[in-house]
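> next comes the sequence, and after it the predicted model I'd like to discuss.
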Number of protein chains: 2
Amino acid sequence: MIKVLEDLVDALSTLPAIGKKSAWRLAVHLMERPKDEVASLADAILRAREELTRCKRCFSYSEKEICPVCESSSRDQRCICVVEKAIDIFAIEKVGRYRGVYHVLGGVLSPLNGITADKLKLKELKDRVILENPGEIIIGFGGSADAETTALYIARIFRDIDIKITRLARGMPAGMELEYVDQLTLSQALNERTEITYGNE
Amino acid sequence: MIKVLEDLVDALSTLPAIGKKSAWRLAVHLMERPKDEVASLADAILRAREELTRCKRCFSYSEKEICPVCESSSRDQRCICVVEKAIDIFAIEKVGRYRGVYHVLGGVLSPLNGITADKLKLKELKDRVILENPGEIIIGFGGSADAETTALYIARIFRDIDIKITRLARGMPAGMELEYVDQLTLSQALNERTEITYGNE
């Protein structure tokens, strides 16, 4: 009926968990707000997408070439927690107990869905480990079968390298994505992380 | 941790029914989408807010001085449906049965909340009726007590003017906002609208 409004509803409908009805409500809400408030929302969206890049070392979100965690002298740069997605880092940081750094893999192996080793930052992880020689790699994945496979795959990559590889305790609820886990469970899983010894499981 | 991302989460959190967690998920989703898709969302928000104005006749959303419904020769310009909010028009249009035009009041009378007659487009409605001399006013409100009061108030405004004033059938679920009503109920309520005769209720 009114093109600019329909365009907005269509654009909002592309967001996750926003259906046509929610999109209408959001659109109408925005139309009732002061122009400068609406402009600052649009600006926040644009700026975040424009200015946010990936840390060249850990592939987390960053405004600079190297992210604040990688740059921080108060973090243990020799302990690398490998996570599936950048959002997982925010979940771990919220617990406030982890003092090491991260490596964002970009997913877990899932050959049936076309996610093979070359689609993930696995080579980058290996290169980084060889270059930096860290003391420990913590595999910080959720509890899916693909995540298990990927954990073992990583352990195998480093079978000839003298490095301690641990994973989050199996306290993780099976099949649940890391970002949905409550803080207590995540904290326990960090504490009880166990070493993966490739070949004698 | 990362300012542009936190700014975006804060901005998204101001939207209705979007909590902190949903805002994070939306923000991360946006960061993973192509830049042009994100830019077009921001643009749709800005453009809708900039270009959308209010129809000078019915106060519905419009891109021009007069909205498409008011301009349409296929609509019955002598039947005016008075609604609380512009979004209510979309609900009625979706039913696809109403062929008249609208008048957006901007709310219903609610003196305790400071919404007095002068805050609503009541004077504009009276002026419009005197100028246009329509055959019927349909009061298309939800079922709240304030809406009932406002319906009677409108009937009183026109007590000395020869005009048929009807309201949506009482099939409306009590206390529910018009925009949430299912289409069948709304359709029945349109069909069974009843005349308000001021003074002998």
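Everything's here; your move.
> going forward, measure contacts and count neighbours with C-alpha atoms only.
Noted.
> domain parsing for chain A?
Domain segmentation of chain A under automatic domain parsing yields A:3-51, A:54-195.
> could I get those as a markdown table with mean pLDDT and mean neighbour count?
Formatted as a markdown table, the domains of chain A follow (pLDDT from 0 to 100; neighbours: other C-alpha atoms under 10 Å in any protein chain shown):
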| stretch | mean pLDDT | mean neighbour count |
| --- | --- | --- |
| domain A:3-51 | 91 | 18 |
| domain A:54-195 | 88 | 18 |
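> so which of these comes closest to B:Ile161?
For B:Ile161, the closest of the domains of chain A is domain A:3-51, at 33.6 Å, according to C-alpha to C-alpha.
> for the closest one, measure first residue to last.
30 Å (C-alpha to C-alpha, to the nearest Å).
> got a list of contacts for the helix or strand hosting A:Ile130?
In this assignment (DSSP states H and E), A:Ile130 forms part of helix A:122-132. Helix A:122-132 is contacted from outside by A:Arg57, A:Arg78, A:His103, A:Leu105, A:Ile154, A:Ile157, A:Phe158, using C-alpha atoms under 8 Å, 6 or more residues apart in numbering or on different chains.
> re earlier: need the domains of chain A in a markdown table with distance to B:Pro34, can you?
Formatted as a markdown table, the domains of chain A follow (distance: least, C-alpha to C-alpha, whole Å):
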| stretch | distance to B:Pro34 |
| --- | --- |
| domain A:3-51 | 9 |
| domain A:54-195 | 14 |
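> that older thread, looking at the contacts of helix A:122-132, which one is closest to A:Ser13?
A:Ser13 has its nearest neighbour among those in A:Leu105, at 28.9 Å by C-alpha to C-alpha.
> in its sheet, what does the longest strand along chain A sit against?
In chain A, assigned by DSSP state E, the strand with the most residues is strand A:76-83. Neighbouring strands of strand A:76-83 in its sheet, by DSSP bridges, are strand A:100-104 (parallel), strand A:136-140 (parallel).
> residues in contact with the following helix or strand past that strand?
Downstream of strand A:76-83, the next assigned helix or strand under DSSP H and E is helix A:86-95. Contacts to helix A:86-95, defined as C-alpha under 8 Å, 6+ apart, come from residues A:59-61, A:83, A:98, A:102, A:104, A:106, A:178-179, A:183-184, A:186-187, B:28.
> what angle sits between helix A:86-95 and strand A:136-140?
Angle, helix A:86-95 to strand A:136-140, by axes from the mean of the first three to the mean of the last three C-alpha atoms, to 10 degrees: 110 degrees.
> chain center to helix A:86-95, what's the gap?
Centroid separation between helix A:86-95 and its chain, computed with C-alpha atoms, centre = their mean, to the nearest Å, is 7 Å.
> equivalent analysis for stretch A:159-167, please.
22 Å.
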